[in-house]
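Participant: Could you look at this predicted model? Sequence included:
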Amino acid sequence: MYNTLHYANLTASQFVDFLFRILSILNLTDLAKLKIKKRYNVLNAIFIKLNEAYKEEQALAETKEIRSLENRRDRAIRGFSKYIDGLILSPKANIASAALLLKNFLRNLSPNIAKEDYASESSILRKVYDAYLNNTEIKAAIITIAAQDWLTEINDANTAFENKYAARTIVISTNNNKESFTQLRPKAFEAYKKVLKIIDSRYDVALDEEVDGTDYLNLINQINATIDQAEQIIASTQPHTKPTTPPTTPGL
């Protein structure tokens, strides 16, 4: 009665979205009248935990990326500082003078920019790049020591960090006793299959008793349409391969 879903070939976000769509379809029906509310509640409860676990794991992944971007901008400002230090003793007076000017400029902003907190470092690095763009003396000194690439990297690294940091709105849970997404995923799929089975069973009973089973049939058709959409997503992301994992139960 149901189309085949190779659920293991869906990514985490795709699986969460699939279950959300299924629950949305079910939620538009009279669950009590159709006698599927209990199975729906079980699936919905697991989905809530699954979605929370997914968001937390995404936040952890984003945290790692943020740290990587933080390291990148730290390397940029430290590299620039060391580059300046190496030129202060240059035999060419104009280069030594420009390097000293820049060293004092950075020192006035902070004795150790890379050790500042996230917000302070962001602000300082914006000031450094703004001075390069708008302060004639600082810009001339940077050009004199040929440090334009350093300023570009400082700005690019800081911008990338700020954008990623601002986009992170999920608070990471510190509850290590929670089930992981990997643990919850098969449980959610089993609960989903039980919902489908009860709908199928109720429809068969309606046919046997010769009563109106239209509501069940409409549900089955909508679920199949959602399964087809999921399979299209799998096909589009794996265009040269066939689904590698057979459905756990034929037809589901």
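Facilitator: Yep, it's here.
Participant: Against which helices or strands is the helix or strand hosting residue 141 packed?
Facilitator: If you go by DSSP states H and E, residue 141 is part of helix 136-144. For helix 136-144, the elements it packs on are helix 93-109, helix 118-134, helix 148-167, judged by 3 or more Cβ pairs under 8 Å, 6 or more residues apart in numbering; DSSP states H and E. (Each C-beta comes from the backbone N, C-alpha and C, glycine too.)
Participant: if we compare these, which one ends up closest to residue 66?
Facilitator: The closest of the helices and strands packed on helix 136-144 to residue 66 is helix 148-167. By Cβ to Cβ, the value is 5.5 Å.
Participant: Now do the buried residues in that closest one.
Facilitator: For helix 148-167, burial by neighbour count (16 or more other Cβ atoms under 10 Å) applies to 150-151, 153-155, 157-162, 164-165.
Participant: With pLDDT and distance to residue 7 as new columns, can the residues you listed be given to me in TSV?
Facilitator: Below are the buried residues of helix 148-167 laid out as TSV (pLDDT from 0 to 100; distance: Cβ to Cβ, whole Å):
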residue	pLDDT	distance to residue 7
150	97	50
151	97	50
153	97	44
154	97	46
155	97	44
157	96	40
158	95	42
159	95	39
160	93	35
161	91	36
162	88	38
164	82	31
165	79	34
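Participant: from these, which is closest to residue 29?
Facilitator: Distances from residue 29 to these, taken by Cβ to Cβ, are shortest for residue 164, at 40.9 Å.
Participant: Go ahead and confirm that closest one touches residue 63.
Facilitator: No. Applying Cβ atoms under 8 Å, one finds residue 164 not in contact with residue 63, separated by 9.9 Å.
Participant: follow-up on the earlier one: quick one: the helices and strands packed on helix 136-144 as TSV, columns for distance to residue 182 too.
Facilitator: Below are the helices and strands packed on helix 136-144 laid out as TSV (distance: least, Cβ to Cβ, whole Å):
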stretch	distance to residue 182
helix 93-109	46
helix 118-134	31
helix 148-167	25
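Participant: Which among those is found nearest to residue 35?
Facilitator: helix 148-167 (43.9 Å).
Participant: The closest one relative to helix 136-144, how many degrees between them?
Facilitator: When axes from the mean of the first three to the mean of the last three Cα atoms, to 10 degrees is applied, the directions of helix 148-167 and helix 136-144 differ by 120 degrees.
Participant: what sits up against helix 148-167?
Facilitator: For helix 148-167, the external contacting residues (Cβ atoms under 8 Å, 6 or more residues apart in numbering) are 62, 65-66, 69-70, 72-73, 75-77, 79-80, 83, 118, 121-122, 125-126, 128-129, 132, 142.
Participant: hmm, try it at 6 Å
Facilitator: 66, 69, 70, 72, 73, 76, 77, 80, 122, 125, 129, 132 (Cβ atoms under 6 Å, 6 or more residues apart in numbering).
Participant: same thing with stretch 69-78?
Facilitator: 113, 114, 153, 154, 157, 158, 160, 161, 164.
Participant: Can you report how many residues neighbour the spatially closest residue to residue 42 that is not a sequence neighbour?
Facilitator: Using Cβ to Cβ, 6 or more residues apart in numbering and skipping residues adjacent in sequence, the residue nearest residue 42 is residue 191, 5.2 Å away. Applying other Cβ atoms under 10 Å, we find 20 residues neighbouring residue 191.
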